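Colleague: Here is the input, now give the coordinates:
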Amino acid sequence: MVFLAGWGQNGRILGHSLPILCTHCNNEKPHNVIEQNKKVTVFFVPVAKWEYKYYLLCPICSRGYDLKNKENALKIIADSFGGVRD
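Modeller: Got it, this is the predicted structure:
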């Protein structure tokens, strides 16, 4: 019997920000808001995900900033669509 299990990291683009000047490559582009997590799979099916992290990355040089939590990431995405008024 063969048992296939694995672990690793998974990342996906949640959205984009308004154009920001990158301090590394000096390009002014909308940055990508990325969600990254760790996962365990059994027979290529994800069974557990943990340690979610959120980043704002430059699309040119891939340098970026840690956003600390999901609320900050979603706020940046919402602001790029005109934001939410308080």
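
Colleague: What are the contacting residues of the lengthiest strand in the chain?
Modeller: Taking DSSP state E as the criterion, the chain has its longest strand at strand 5-21. By CB atoms under 8 Å, 6 or more residues apart in numbering, the residues outside strand 5-21 that reach it are 27-44, 46, 49, 54, 56, 58, 73-74, 76-77, 79-80. Every C-beta, even on glycine, is put in place using the N, C-alpha and C of the backbone.

Colleague: do that again at 6 Å, thanks
Modeller: 28-42, 76-77, 80 (CB atoms under 6 Å, 6 or more residues apart in numbering).

Colleague: Out of the residues you listed, which end up buried?
Modeller: When those are checked for burial by 16 or more other CB atoms under 10 Å, the buried set is 31-35, 37, 41, 76, 80.

Colleague: in the protein, which spans are strands?
Modeller: All strands of the chain, identified by DSSP E, fall at 5-21, 28-42, 45-57, 64-66.

Colleague: With mean pLDDT as extra columns, can I get those strands in a markdown table?
Modeller: Output for these, formatted as a markdown table (pLDDT from 0 to 100):
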| stretch | mean pLDDT |
| --- | --- |
| strand 5-21 | 93 |
| strand 28-42 | 95 |
| strand 45-57 | 93 |
| strand 64-66 | 94 |
